[in-house]
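> Show me the folded form of this:
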Amino acid sequence: MAWIAVSITIGLFILLAKPMGAYLEKAFQGDSKLEKIFGSVEKIIFKIAGVKPYNQNWKQYALALVLTNSLMIVFVYLIFRLQGVLPLNPSNIPGMEPTLAFNTAISFMTNTNLQHYSGETGLSYLSQMLGITFMMFAAPATTLAIAIAFIRSLAGKKLGNFFVDFTRAITRLLLPLSFVAALIFVLLGVPQTLEPAAVANTVEGAKQLIARGPVASLLSIKELGNNGGGFFGVNSAHPFENPNMISNILQMILMMLLPTALPFTYGRMVGDKKQGRILFVSMLMLFLIGFGTIATTELQGNPALNQLGIQYDEGNMEGKEVRFGTVWSALYATVTTASETGSVNTMHDTLTPIGGMVPLINMLLNTVFGGVGAGFINVIMYAMIAVFISGLMVGRTPEFLGKKLEGKEMKLIAVTLLFQPLLILGASAIAFSTELGMGAISNSGFHGITQVIYEYTSSAANNGSGFEGLGDNTPFWNISTGLVMYLGRYFGLVTMLAVAASLKEKTLAPETVGTFRTDNGLFGGIFVGTIFLVGALTFFPILVLGPIAEFLTLK
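Modelled structure (predicted):
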């Protein structure tokens, strides 16, 4: 029965992708009907903010994006530091420690939502709403805006204006959808209140504080915007944040809604819907392979317990969401890392070695749909690499969307491709070589290696989920992951926007019988093969040292 229900849920992901992709294209391309609905409100916002919606070049667009986000980080950092003296703090939570505030502000502004604090005890209501929820809108709006600008540039159109795209992402998409989702979550039993923690008398006669707050409003944009940070420390494993099966399914639908829609938006905007479909099908194949792998390995049980003759009907239930079972927990783990959300209802640290490797690979590749905007840009980067390799194999100058991929573009792509592994592996090497890093590892041997790699991978890929068990609330981990999050977020966005701008300036090459098509099954196969060949092999040595070695020692 679980497999049937899971199949229906995956079917919903597929059914919603195309209409949402069409809506995204209309929302950002100035559809007349949407202008009538949202245009007057947006004009007021532009007037108050002093925005002049002129067309920007790629450098102006990138600078506006980075500076705006950086100023927001400073603003929210101050809120976290001063929350002890600010209003809406019924639990009298003190201001955040400086390095933790630094890490948290960067984490939520970069769409990572890595939490080195416990949600209900680390932040006041004001910080949750004015800091966390605010950034949960601003972060996905930022990457959705640059993804649309990136696609426009590939299509040979004007780049647009960052502030206009940013505003439209919120007013036409994130705000209305999250508002409706929040109402549904309230109906399902998720709290939405400014009252302090409830006091309950236990059967032993003791008093228990039950945390609550404005949870539903945070939860809706947490999932829709691929943010992932939980109101409560245990995230979506908390019954107030995930009350039942319906809320569990709704959360996964929200996480997948925008990442699965972007390939169809891309196809419509570049004038070749087949290309969008090929990319969607290719990524769906990767998603299904990952989910099948996690589900199969977890259902086989814990290898260490199996050796002792201990087996359970549900397989490896350690750290799983017992209300839903192993298969649903496997799907949630796949969805949250494929969409780069980071929301969890399962302790990833307790997955079997191979089961835990799949979420890690999803983040390392960041091409299994990926998050709102940034992941799709990464997908197009791998598509360009696939075209380049194919061109070299047949002795032709590679072309993408009728534009020649030459030295300038490929140098930028190569630098972008290498930057993430340098961040992840470089930071991990520092952690392993210092007591400041090693002191936080709670597991010895290969599993401890995976803990550290997972933490930095989650940071660089803007995912935010953790293996947990890692003592990461220290100055070393707060600062190091903060820097990895910031650099991992903006470097690739800027360089790939430069690639798109460079292609925009080139003339269209006439299509001939020798032109390599990128809208058929052959290209889909080459695209998937390129992801494994270039992406997976980049990180293969560290996977061997971590989860693969752990798996082999348990056999």
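
> any idea which helix or strand comes after the helix or strand hosting L503?
Using DSSP states H and E, L503 falls within helix 475-504. Using DSSP H and E, the helix or strand that directly follows helix 475-504 along the chain is helix 521-530.

> which helices and strands sit right next to that next one?
In terms of contacts (3 or more C-beta pairs under 8 Å, 6 or more residues apart in numbering; DSSP states H and E), helix 521-530 is packed against helix 273-299, helix 374-394. C-beta: built from backbone N, CA, C; applies to glycine.

> what helices or strands is the first one leaning on?
By that I understand helix 273-299. Where contact means 3+ C-beta pairs under 8 Å, 6+ apart, helix 273-299 is packed against helix 2-28, helix 245-269, helix 326-338, helix 353-365, helix 374-394, helix 521-530.

> Tell me which of these sits most buried.
Neighbour counts averaged per stretch over the helices and strands packed on helix 273-299 are highest for helix 326-338, at a mean of 27; criterion: mean count of other C-beta atoms under 10 Å.

> Quick one: mean pLDDT for that helix?
On average, the pLDDT along helix 326-338 is 92.

> quick one, that helix and helix 353-365 angle?
Helix 326-338 and helix 353-365 meet at an angle of 20 degrees, taking axes from the mean of the first three to the mean of the last three C-alpha atoms, to 10 degrees as the criterion.

> gap between helix 326-338 and the chain center?
From the chain centre to the centre of helix 326-338 is a distance of 14 Å (C-alpha atoms, centre = their mean, to the nearest Å).

> what do you get for stretch 321-336?
18 Å.

> Export the helices and strands packed on helix 521-530 as JSON lines, with columns for mean pLDDT.
Output for the helices and strands packed on helix 521-530, formatted as JSON lines (pLDDT from 0 to 100):
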{"stretch": "helix 273-299", "mean pLDDT": "94"}
{"stretch": "helix 374-394", "mean pLDDT": "90"}
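
> out of those helices, nearest to V203?
helix 273-299 (35.1 Å; C-beta to C-beta).

> Tell me the buried residues in that closest one?
Burial within helix 273-299, assessed by neighbour count using 16 or more other C-beta atoms under 10 Å, is assigned to 273, 275-280, 282-284, 286-287, 290-291, 293-295, 297-299.

> got it, and stretch 404-424?
Along stretch 404-424, the positions that meet the burial threshold by neighbour count (16+ other C-beta under 10 Å) are 404-405, 409-410, 412-413, 416-417, 419-421, 423-424.

> quick one: which of those sit in helices?
Secondary structure defined by DSSP state H assigns E409, M410, L412, I413, T416, L417, F419, Q420, P421, L423, I424 of those to helices.

> In TSV, list those along with pLDDT.
As requested, those are arranged in TSV below (pLDDT from 0 to 100):
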residue	pLDDT
E409	94
M410	93
L412	96
I413	95
T416	95
L417	92
F419	94
Q420	91
P421	91
L423	94
I424	93
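
> thinking N362 is in contact with T341, fair?
No. Counting by C-beta atoms under 8 Å, T341 is not a contact partner of N362; they are 10.8 Å apart.

> Same list (the helices and strands packed on helix 521-530) but as CSV, adding distance to E435.
Converted to CSV, the helices and strands packed on helix 521-530 look like this (distance: least, C-beta to C-beta, whole Å):
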stretch, distance to E435
helix 273-299, 34
helix 374-394, 34
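
> what about these, which gets the closest to L144?
Taking C-beta to C-beta as the criterion, L144 comes closest to helix 374-394 out of those, the separation being 9.2 Å.

> and the direction of the closest one versus that of helix 521-530, what angle?
110 degrees.

> measure K411 to A498 for me?
K411 sits 10 Å away from A498, going by C-beta to C-beta, to the nearest Å.

> List just the one of the helices and strands packed on helix 521-530 that sits closest to S127.
Proximity of the helices and strands packed on helix 521-530 to S127 was assessed by C-beta to C-beta; the nearest stretch is helix 374-394, lying at 25.1 Å.

> what helices or strands is the following helix or strand past the closest one leaning on?
Helices and strands here follow DSSP H and E; after helix 374-394, the next one along the chain is strand 399-400. In terms of contact count using 3+ C-beta pairs under 8 Å, 6+ apart, strand 399-400 is assigned the packing partners helix 374-394.

> Next, the angle helix 273-299 makes with the helix it packs on.
If you take the same axes, to 10 degrees, helix 374-394 sits at 110 degrees to helix 273-299.

> Let's verify S465: helix, strand, or coil?
coil (DSSP: H, G, I helix; E, B strand; the rest coil).

> Count residues in the vicinity of the closest residue to it other than its chain neighbours, would you?
Distances taken as C-beta to C-beta, 6 or more residues apart in numbering put G342 closest to S465, at 4.2 Å, once the chain neighbours are dropped. Using other C-beta atoms under 10 Å, G342 has 30 other residues around it.

> Can you tell me how far the spatially closest residue to V534 that is not a sequence neighbour is from E340?
Nearest residue to V534, sequence neighbours excluded (C-beta to C-beta, 6+ apart): I385, at 6.0 Å. Using C-beta to C-beta, I385 is found at 20 Å from E340.

> Give the other helices and strands that the one helix or strand T538 maps to contacts.
Under the criterion DSSP H and E, the helix or strand holding T538 is helix 537-543. Helix 537-543 is packed against helix 353-365, helix 407-433, with contacts defined by 3+ C-beta pairs under 8 Å, 6+ apart.

> quick one: the longest one to chain centroid distance?
Chain-centre distance of helix 407-433: 19 Å, with C-alpha atoms, centre = their mean.

> Please apply the same query to stretch 32-47.
Between the centre of stretch 32-47 and the centre of its host chain there is 29 Å, according to C-alpha atoms, centre = their mean.

> Kindly export it (C-alpha atoms) in PDB.
In PDB, the C-alpha atoms belonging to stretch 32-47 read as follows (Å, rounded to 0.1, in the frame of the first residue of the first chain):
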ATOM      1  CA  SER A  32      -1.300  41.100 -19.500                       C
ATOM      2  CA  LYS A  33      -3.800  39.300 -17.200                       C
ATOM      3  CA  LEU A  34      -1.200  39.100 -14.400                       C
ATOM      4  CA  GLU A  35      -0.200  42.800 -14.900                       C
ATOM      5  CA  LYS A  36      -3.800  43.700 -14.200                       C
ATOM      6  CA  ILE A  37      -3.800  41.700 -11.000                       C
ATOM      7  CA  PHE A  38      -0.400  42.500  -9.600                       C
ATOM      8  CA  GLY A  39       0.900  45.500 -11.600                       C
ATOM      9  CA  SER A  40      -0.600  48.300  -9.500                       C
ATOM     10  CA  VAL A  41       0.700  46.800  -6.200                       C
ATOM     11  CA  GLU A  42       4.200  46.300  -7.800                       C
ATOM     12  CA  LYS A  43       4.300  49.900  -9.100                       C
ATOM     13  CA  ILE A  44       3.600  51.100  -5.500                       C
ATOM     14  CA  ILE A  45       6.500  49.000  -4.300                       C
ATOM     15  CA  PHE A  46       8.800  50.300  -7.000                       C
ATOM     16  CA  LYS A  47       7.900  53.900  -6.100                       C
END
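
> Flag every buried residue along it.
Judged by neighbour count using 16+ other C-beta under 10 Å, the buried positions of stretch 32-47 are L34, F38, E42, F46.

> what's the model's confidence in the helix holding T538, averaged?
Helix 537-543 shows a mean pLDDT of 83.

> and the next element down the chain from it?
Along the chain past helix 537-543, the next helix or strand (assigned with DSSP H and E) turns out to be helix 549-553.

> one step back: for L78, which of the helices and strands packed on helix 273-299 is the nearest?
In terms of C-beta to C-beta, the element of the helices and strands packed on helix 273-299 nearest to L78 is helix 374-394, at 26.2 Å.

> hang on, the earlier thing: adding distance to R172, write the helices and strands packed on helix 273-299 out as CSV.
CSV is the format used below for these (distance: least, C-beta to C-beta, whole Å):
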stretch, distance to R172
helix 2-28, 4
helix 245-269, 13
helix 326-338, 25
helix 353-365, 29
helix 374-394, 18
helix 521-530, 30
